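1. Provided below are the primary sequence and the corresponding predicted coordinates.
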Amino acid sequence: MRGQSVSICGLLLIFLSFWLKCSSWRGRVSGQLNQTFSLRVNASQGGRPIPPNLFGIFFEEINHAGAGGLWAELVDNRGFEAGGPNTPSNIAPWSIIGDETEVWLETDRSSCFARNPIALRIEVLCDICPLGGVGVYNPGFWGMDIVADNKYKVVLWISSTDYINMSVAFTSSDGTVTLARTYLIVDAFKSRDWSMQEIVMVANATDHYARLGITSTKKGVYWIDQVSAMPVDTYNGHGFRKDLALMLEDLKPRFIRFPGGCYVEGGWLRNAFRWRQSIGPWEERPGHFGDVWGYWSDDGIGYFEFLQLAEDLKASPVWVFNNGISHTDEVASSVIEPFIQDILDGIEFARGSSDSRWGSVRATMGHPEPFELQYVAIGNEDCGKQYYRGNYLKFFAAIKNTYPDMKIISNCDGSSKPLDHPADLYDFHIYTSAANLFAMSHQFDNTFRAGPKAFVSEYAVTGHDAGKGSLLAALAEGAFLIGLEQNSDVVELASYAPLFVNNNNRRWNPDAIVFDSWQSYGTPSYWVQHFFKHSSGAVLFPVDITGGDASHVLVASALQRHDQETDSELLVIKAVNFGADLLRLIIAIDGLPSDAIDSASTMTVLTSRTVMDENSFDQPNMVVPKTNKLLNAGISMDVVLPPYSVVALDMQLVTKLHQNM
């Protein structure tokens, strides 16, 4: 019955029947029920609102997260600029179809694009060429995902000294199987000038590691440039790889921090991300070498696309910009003004009216209405560098003067001592062991309650405890996030890092989402974030844990949220059992009538056989949350927490607790 506790024997029977279906404990833990704690939830008062944007995501161009990942472009080095401005240059990963006696490949500076001067010159030498022709192919980012019956748009610029007869085809990785093919025919009169060719091909077969080839059987000289291939079906039609974007959408992020990270700074300023170079028509973007993470980006996913992604996800954009400081060189505060004007222009691009100078550029890109940019971060991890404070103060004053409502984030940590400069928020990064991060669930308990709020923009368990994304890491991260909920009066935003990794290019480990050319999965660190995707904007209730020292094994929180799908109110209790034994939790909820909780309640658990279990392409669901009905849910109940687990009790309320929520 509702409101009555369940006997411990009955509870164990319920628990065992549930877990025999969901998990196996053999070889993992003792399974002894030798710890009991009491959890009292104080729902008698109105509670405290959690910030509306508390939990979000952080995207950095690392691990080929964007180029060869979230951005659905299939061609790597599409403009032949990655080899540098001097010619001849390296065209990798482009490669020859045929041999050097049949075709000659060489870059030159004949492109029609001023900011992208490099083009590829293809000279077909053979009088009688092999069947299928000779030319060049691009393998994409470790293969192109070509699926039967799907449509793909190919765009390229081309010119020649004579008429053009070329084949454009998706083939298997070895070129022996044709998946889709079309022909480009351009007469001699038109071919002498550069022209854009746009074609849509439908695949007749599937190959997840395909390549794109451009060939000819006609002797002559051809130039190609800015070769793009994308699936027609992308997320919201905006160019994002659909499966990866849907994984982000499923987290219901309230903000997205972009585009870095160290990617913003650059090893040298000359290689830092520049917003102005990343907007406008994609074929005119010069791209740049991300020297921190060691690879080229065509900047197909640029400043505009990040703002668009935030809007698509219904998330607030958080723009991290360079403040004149890289990992190696710095701009002195006395000459920082041009950098400040550059950022003011960037804000105008996002927020300005369509008839403003930079707002009009945004409008020409298809977005006449301003984006809702409310947060900017001045630099990344630059606090303590020679010119940071001086540069920061000038940026802060200029931005506030023009955009007084903008929330500005400092790189300096204000959690242990007050900042010596004005800020709306301060950045806090933590990468550490599982035990340390679990203990840091109390990190902000004693933080000064007045002044700037914390933005925990990068957190994760790293090192041996993390593996390539372990349950152990997710447990500690879950406990840390519960601590952020409880301290959300001083913590306004929080996001995990890094978000993505292409499995072929791990520059950082672990990451939330792993993918290759066609498949993807979430690590336990991704799945634990699902326990918090409804916390933003909810109402937090005080909790009290008694019955012994729980600091090393148990963390818990309680909140009330509105479920939009069912138009109902839910009381949610989350707990992390960081120990190797079963844990009995005696729950009492003060301030509710005995019949306040409906029978339509659930228990969701994230756990596995061992704490170092990981998901993989072969076993993508080894460590994922599992949900079952919560039997005998009520204001007084016993719950058994599995060893090494994150647990959420979602209890539907018959009536709203407090009408002023």
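-> Great, that's in hand. All values reported here derive from a predicted model rather than from experimental measurement.
2. got any ranges where the stretch 1-150 of the chain has weak pLDDT?
-> By pLDDT under 70, the low-scoring segments of the stretch 1-150 of the chain are 1-32.
3. for it, which segments count as strands?
-> Ranges of strands in the stretch 1-150 of the chain, per DSSP state E, counting those that start in this stretch, are 33-42, 48-49, 57-58, 95-97, 103-108, 119-124, 134-138, 144-146.
4. and for the stretch 151-300 of the chain?
-> Going by DSSP E, counting those that start in this stretch, the stretch 151-300 of the chain shows strands at 151-160, 164-171, 178-186, 195-202, 207-216, 220-231, 255-258, 288-290, 295-297.
5. the ones you listed: which one's closest to Val576?
-> For those, proximity to Val576 was assessed by CB to CB; strand 255-258 is nearest, at 24.0 Å. Glycine gets a C-beta too; all of them are placed from N, C-alpha and C.
6. what comes into contact with the closest one?
-> Strand 255-258 has contacts (CB atoms under 8 Å, 6 or more residues apart in numbering) with 53, 56-60, 306, 309-310, 313, 315-320, 375, 377, 457, 493, 495.
7. make a ChimeraX selection of the buried ones in those residues.
-> Buried subset of those, written as a ChimeraX selection, criterion 16 or more other CB atoms under 10 Å:
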select :53,56,57,58,59,60,306,309,310,313,315,316,317,318,319,320,375,377,457,493,495
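8. take the contacts of strand 255-258 and keep only those in helices.
-> Secondary structure from DSSP state H places 306, 309-310 of the contacts of strand 255-258 in helices.
9. give me the pLDDT value at Pro632.
-> In this structure residue 632 is Asn, not Pro. pLDDT, Asn632: 84.
10. burial of it, as a residue count?
-> Residues lying near Asn632 (other CB atoms under 10 Å) number 20.
11. repeat that for Thr627.
-> Neighbour count for Thr627, taken as other CB under 10 Å: 12.
12. that one and Thr602 touch, don't they?
-> Yes. Applying CB atoms under 8 Å, one finds Thr627 in contact with Thr602, separated by 5.2 Å.
13. quick one, which of the strands of the stretch 151-300 of the chain is packed in tightest?
-> For these, the largest average neighbour count (mean count of other CB atoms under 10 Å) is found in strand 255-258, namely a mean of 28.
14. just the C-alpha atoms of that strand, please, in PDB.
-> Output of strand 255-258 as PDB, limited to C-alpha atoms (Å, rounded to 0.1, in the frame of the first residue of the first chain):
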ATOM      1  CA  PHE A 255      23.300  25.300 -22.900                       C
ATOM      2  CA  ILE A 256      26.200  24.500 -25.300                       C
ATOM      3  CA  ARG A 257      29.700  25.800 -24.700                       C
ATOM      4  CA  PHE A 258      31.700  26.200 -27.800                       C
END
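15. any low-confidence regions in this structure?
-> 1-32, 655-661.
16. using the three-state scheme, assign Gly478.
-> helix (DSSP: H, G, I helix; E, B strand; the rest coil).
17. kindly report the same for the one 4 residues further on.
-> Here Ile482 is recorded as helix under three-state DSSP.
18. follow-up on the earlier one: for the strands of the stretch 151-300 of the chain, which one sits closest to Arg78?
-> strand 220-231 (5.2 Å).
19. just want the angle from the closest one to strand 119-124.
-> 120 degrees (axes from the mean of the first three to the mean of the last three CA atoms, to 10 degrees).
20. before we move on, back to that, quick one, which of the strands of the stretch 1-150 of the chain gets closest to Gly467.
-> strand 57-58 (21.0 Å).
21. what packs against the closest one?
-> Using 3 or more CB pairs under 8 Å, 6 or more residues apart in numbering; DSSP states H and E, the elements in contact with strand 57-58 are strand 255-258.
22. can you do 10 Å?
-> Counting contacts by 3 or more CB pairs under 10 Å, 6 or more residues apart in numbering; DSSP states H and E, strand 57-58 is packed against strand 255-258, strand 316-321, strand 453-461.
23. can you map out the helices along this protein?
-> Per DSSP H, the chain carries helices over the ranges 8-22, 188-191, 242-250, 262-265, 303-312, 337-351, 357-364, 388-402, 434-439, 471-486, 524-529.
24. looking at those helices, which is nearest to Asp225?
-> Closest of these to Asp225 is helix 188-191, at 14.0 Å (criterion: CB to CB).
25. what sits up against that closest one?
-> The set of residues external to helix 188-191 that reach it, using CB atoms under 10 Å, 6 or more residues apart in numbering, is 158-165, 184-185, 220, 222-223.
26. could the residues you listed go into TSV alongside distance to Ala72?
-> Shown next, in TSV, are these (distance: CB to CB, whole Å):
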residue	distance to Ala72
Ile158	23
Ser159	27
Ser160	30
Thr161	34
Asp162	35
Tyr163	33
Ile164	28
Asn165	30
Leu184	23
Ile185	28
Gly220	33
Tyr222	27
Trp223	26
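27. of these, just say which sits nearest to Ala65.
-> Using CB to CB, those come closest to Ala65 at Ile158, 31.1 Å.
28. was I right about that closest one contacting Met166?
-> Yes. Counting by CB atoms under 10 Å, Ile158 touches Met166, with 7.4 Å between them.
29. reformat the helices and strands packed on strand 57-58 as JSON lines; add distance to Thr101.
-> What follows is the helices and strands packed on strand 57-58, written out as JSON lines (distance: least, CB to CB, whole Å):
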{"stretch": "strand 255-258", "distance to Thr101": "48"}
{"stretch": "strand 316-321", "distance to Thr101": "51"}
{"stretch": "strand 453-461", "distance to Thr101": "53"}
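30. closest to Asn271 out of those strands?
-> Here strand 316-321 is closest among those (CB to CB), at 15.2 Å.
31. send the alpha carbons of that closest one over as PDB?
-> The C-alpha trace of strand 316-321 is given here as PDB (Å, rounded to 0.1, in the frame of the first residue of the first chain):
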ATOM      1  CA  SER A 316      21.600  28.700 -24.700                       C
ATOM      2  CA  PRO A 317      24.900  29.400 -26.600                       C
ATOM      3  CA  VAL A 318      28.000  30.000 -24.500                       C
ATOM      4  CA  TRP A 319      30.700  31.500 -26.700                       C
ATOM      5  CA  VAL A 320      34.300  31.100 -25.600                       C
ATOM      6  CA  PHE A 321      36.500  33.500 -27.500                       C
END
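32. so what secondary structure elements neighbour it?
-> Secondary-structure packing of strand 316-321 (3+ CB pairs under 10 Å, 6+ apart): strand 57-58, strand 255-258, helix 262-265, helix 303-312, helix 337-351, strand 375-378, strand 407-410, strand 453-461.
33. what's the overlap in contacts for Thr627 and Thr602?
-> Joint contacts of Thr627 and Thr602 (CB under 10 Å, 6+ apart) are 648, 650.
34. separation between the residue lying closest to Phe448 once chain neighbours are set aside and Ser360?
-> If the residues on either side of it in the chain are set aside, Phe448 comes closest to Pro418, at 6.5 Å by CB to CB, 6 or more residues apart in numbering. According to CB to CB, to the nearest Å, Pro418 and Ser360 sit 42 Å apart.
35. who's more crowded, these two?
-> Counted by other CB under 10 Å, Pro418 and Ser360 do not tie: Ser360 has more neighbours, with 16 against 11.
36. quick check: the more buried one vs Met406, distance?
-> Counting by CB to CB, the gap from Ser360 to Met406 is 21 Å.
37. ok, now Ala596?
-> In terms of CB to CB, Ala596 sits 43 Å off from Met406.
38. of the two, who's got more company?
-> More crowded of Ala596 and Met406, by other CB under 10 Å: Ala596, with 22 against 17.
39. you'd agree the more buried one is up against Leu570?
-> No. Using CB under 10 Å, Ala596 makes no contact with Leu570, being 11.8 Å away.
40. overlap of the contact sets of the two?
-> Common neighbours of Ala596 and Leu570 (criterion: CB under 10 Å, 6+ apart): 651-653.
41. most neighbours of all these, which one?
-> Met651 (26 neighbours).
42. picking that back up, closest one of the shared contacts of Ala596 and Leu570 to Ala398?
-> Leu653 (48.6 Å).
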